[in-house]
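**Q** Please work out how this folds:
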Amino acid sequence: MRNKRLIGILITVGLLLLLPLVAQQFTGEVKWSPFDFVVAAVLLLGAGLACEIALRVVKKTQHRIVACAVVLMLLFVVWAELAVGLIGTRFAGS
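**A** As a prediction, this is how the structure comes out:
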């Protein structure tokens, strides 16, 4: 199979999105709308695909690690901003 990492990314995103879906069934603390799931899917897929591109394009292992670390840090900052308003943009949550 040629695209094992891509399939792994898709499966991982799907499993991560199942967590809030299942949590909503058992608690009122998790309240995601369909739009929240779409945004989360776009963010997770975007980060996963950006790391995949970095792994394919960048040759040195150290540079690959740095590139993926930067992508993940950006994902976490955007996720935190959307969730709780870490930076205070107009997209801030709560």
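
**Q** Please name the residues that touch residue 67.
**A** Counting by CB atoms under 8 Å, 6 or more residues apart in numbering, residue 67 touches 51, 54, 58. Every C-beta, even on glycine, is put in place using the N, C-alpha and C of the backbone.

**Q** Need the per-residue pLDDT for it.
**A** Residue 67 carries a pLDDT score of 96 in this model.

**Q** Look up which helix or strand it falls in, please.
**A** helix 61-84 (DSSP states H and E).

**Q** now the helices for the protein?
**A** For the chain, applying DSSP state H gives helices covering 4-26, 34-57, 61-84.

**Q** any chance of these in CSV, plus distance to residue 90?
**A** CSV is the format used below for the helices of the chain (distance: least, CB to CB, whole Å):
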stretch, distance to residue 90
helix 4-26, 24
helix 34-57, 15
helix 61-84, 10
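
**Q** Residue 92 is nearest to which of these?
**A** helix 61-84 (6.0 Å; CB to CB).

**Q** Could you list the buried residues of the closest one?
**A** For helix 61-84, burial by neighbour count (16 or more other CB atoms under 10 Å) applies to 64, 67-68, 71, 75, 78-79, 81-82.

**Q** same thing with stretch 49-58?
**A** For stretch 49-58, by 16+ other CB under 10 Å, it's 50-52, 54.

**Q** right, and out of these, which lies closest to residue 88?
**A** Of all the buried residues of stretch 49-58, residue 50 has the smallest distance to residue 88: 25.1 Å, by CB to CB.

**Q** quick revisit: now flag whichever of the buried residues of helix 61-84 is closest to residue 36.
**A** So of those, ranked by how close each gets to residue 36 (CB to CB), first place is residue 82, at 8.8 Å.

**Q** Next one: that closest one from residue 75, what distance?
**A** 11 Å (CB to CB, to the nearest Å).

**Q** Skipping adjacent residues, who's closest to the residue nearest in space to the middle of the chain in space?
**A** Geometric centre of the chain, nearest residue: residue 44, 2.4 Å, by CA atoms, centre = their mean. Among residues not flanking residue 44 along the chain, residue 13 sits closest, at 4.5 Å (CB to CB, 6 or more residues apart in numbering).

**Q** Perfect, I'm done here.
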